[in-house]
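Enquirer: sequence and predicted model, in that order:
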Amino acid sequence: MDRTRSLLLLPAFALAHLALWSQDLTPQPKPGAMICVATVANTSARSALLDRLTERLAKDLRDDKIKAMTMDSSTTMDHKLQPTLENGEEAKSKECDYILLTQIADPKARPFDPQSPQISIGGKVPSADASDPMGGSSGPVYRDNLQVNFALFLMGRLKPVLDTVILAQPSGNLSDNLLSAMDRESNRVSHELRKK
């Protein structure tokens, strides 16, 4: 009797194990899929126009011939980027295939956190921007980089298709600086979706 019962439980255990294992596989991007872009989150101390950055990111993706729409729900404020319940429900209602999460962070605020792969263009350079209140006639000012963390998730999967960081170059005009980071993020996401 126990042997028969254990034989009946074996297929159920195998199916459960297979379901868990499939969650660990890297999901393959699908061409022509819809991306829901969560509102950009800002965990840094510097102010940013989050709605403007979110719309820029979605527009850049559409310009690259990728279906994208903005969401009302925001990216998590946690260091580890994972879709929230609100992200998932909204993306499902909008029939999206992917969720794109974006977070502005100050790398100096959390120096011991594990880091994602980085895309770095430039580095710590002096600000020579005439509009920079701390630059100009008093000489160059050295500013620390901010980082833009982003992750692309296939709906229903816990493991991201893409999880990386862009270092935003210092500038007197943070809004323009972060807009260019959104451009680089959309290029990276577009490249990932077209890779397969």
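Expert: Nice, thanks for sending it over.

Enquirer: now do the helices in the protein.
Expert: Assigned by DSSP state H, the chain shows helices spanning 2-24, 50-63, 85-93, 174-195.

Enquirer: pLDDT below threshold where in the protein?
Expert: 1-31, 110-144, 169-176, 196 (pLDDT under 70).

Enquirer: hmm, 90 instead?
Expert: 1-33, 45-48, 79, 106-146, 167-177, 193-196 (pLDDT under 90).

Enquirer: need the contact list for Asp51.
Expert: Thr39 (C-beta atoms under 8 Å, 6 or more residues apart in numbering). (Glycine included, C-beta is placed from N, CA and C.)

Enquirer: ok, it to Leu154 distance?
Expert: 26 Å (C-beta to C-beta, to the nearest Å).

Enquirer: do the same with Ser186
Expert: 18 Å.

Enquirer: who has more neighbours, these two?
Expert: Neighbour count, other C-beta atoms under 10 Å: between Ser186 and Leu154, Ser186 has more, with 25 against 18.

Enquirer: measure that one to Ala109 for me?
Expert: Counting by C-beta to C-beta, the gap from Ser186 to Ala109 is 25 Å.

Enquirer: before we move on, what about Leu178?
Expert: 17 Å.

Enquirer: when these two are compared, which one has more neighbours?
Expert: Set Leu178 next to Ala109 and count neighbours by other C-beta under 10 Å: Leu178 wins out with 26 against 11.

Enquirer: if I look at that one, how far off is Ile166?
Expert: Counting by C-beta to C-beta, the gap from Leu178 to Ile166 is 10 Å.

Enquirer: anything in contact with each of these two?
Expert: Val148.

Enquirer: Ser44 is in contact with Asp106, correct?
Expert: Yes - in this structure, Asp106 is within contact of Ser44 by C-beta atoms under 8 Å, at 4.1 Å.

Enquirer: which residues are in contact with each of these two?
Expert: The contact lists of Asp106 and Ser44 share Leu146, where a contact means C-beta under 8 Å, 6+ apart.

Enquirer: who are the contact partners of the residue lying closest to Leu100 once chain neighbours are set aside?
Expert: Spatial nearest neighbour of Leu100, excluding adjacent residues (C-beta to C-beta, 6 or more residues apart in numbering): Val37 at 4.8 Å. Residues in contact with Val37 (C-beta under 8 Å, 6+ apart) are 54, 57-58, 61, 68-71, 100, 102.

Enquirer: most neighbours among these, please name it.
Expert: Ranked by the number of neighbours (other C-beta under 10 Å), the contacts of Val37 place Leu100 first, at 32 neighbours.
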